[in-house]
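Q: Curious how this folds, go ahead:
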Amino acid sequence: MNKIDYQIADNLCSKLLEEFNSFPEFSEMLEWLESHRDLYNQFNIEPIGFPAICNSNFEGVKYENIAKFHSLYNKTKYEYTLLDYMSHEQVIVYFIEQMNPFMIHQYLLEKEYMGMEFRDFIYKLNQAFEVLKGYRGNNNLSAETLYCSNCNKKQYFFIGENDESYIHLKFKVINGVVNDFIECRELKCELPFYLDSDKQVWIDTERPLF
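A: Model (predicted):
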């Protein structure tokens with residue numbers, strides 16, 4: 001490749017970055033990855049056993065749009081192929097920790113969750129994330145699991161790194177796929193000793209707290 005090739009590719013990457021958005025269907029993102037794989041491979045260097053790096057420098061000039069496209073492609077490919085490396089349950093946990101409702105939306109398959117239509121559930125989940133982020137200053141959550149002796153089930157506590165506010169969920173998993181969530185209100189589930197129950201953030205806020 002010569003200087004002109006880099007300039008042309010950088011301009012193309014600039015346009016792709018401007019046009020990139022969150023596609024509404026999983027398959028459309030996979031098609032986007034396939035469509036631009038050759039462009040990515042032009043600048044990708046991936047020695048065996050090492051992370052992929054971008055060859056975005058030529059004759060002392062760094063082509064920023066190529067570098068940004070390479071990074072975006074890497075992130076998108078990883079997030080949309082997580083089932084190659086993780087169980088469905090682990091994928092959902094991963095994106096809850098990121099407080100990423102869009103990617104949770106991509107991986108969930110049912111029409112209803114927690115007794116709500118899918119879109120309403122995603123909206124309520126996003127509202128809970130906004131409370132954890134905007135009002136309580138948490139940038140990410142850390143998942144901890146606990147088997148409750150009262151209900152004899154595994155439960156997740158997604159705990160904010162700033163103030164230890166948390167979301168408390170049980171997953172319903174059928175044939176390896178998460179098909180529902182439960183916020184336990186009726187049973188007195190055990191909490192990690194350091195959590196304050198007043199800091200729980202609810203998803204299903206229309207039901208009474210007790």
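
Q: For residue 26, which non-adjacent residue is closest in space?
A: Taking Cβ to Cβ, 6 or more residues apart in numbering as the measure, residue 26 lies nearest to residue 106, with 5.1 Å between them; neighbours along the chain are not counted. (Glycine included, C-beta is placed from N, CA and C.)

Q: Need the pLDDT of the most centrally placed residue in the chain.
A: In the chain, the centroid-proximal residue (Cα atoms, centre = their mean) is residue 95; its distance is 2.9 Å. Residue 95 is assigned a pLDDT of 97 by the prediction.

Q: Let me know the helix or strand that it is in.
A: Element membership for residue 95 (DSSP states H and E) is helix 88-98.

Q: In the following helix or strand past that helix, which of the residues would be classed as buried?
A: Toward the C-terminus, helix 88-98 is succeeded by helix 101-107 as the next helix or strand (DSSP H and E). Within helix 101-107, the residues scored as buried using 16 or more other Cβ atoms under 10 Å are 101, 103-107.

Q: and helix 101-107, how far out from the chain's middle?
A: Averaged C-alpha coordinates place helix 101-107 at 7 Å from its chain's average position (Cα atoms, centre = their mean, to the nearest Å).

Q: and the helix or strand following it, what other elements does it pack with?
A: Toward the C-terminus, helix 101-107 is succeeded by strand 112-113 as the next helix or strand (DSSP H and E). Helices and strands in packing contact with strand 112-113 are listed as helix 118-130, strand 177-182; criterion 3 or more Cβ pairs under 8 Å, 6 or more residues apart in numbering; DSSP states H and E.
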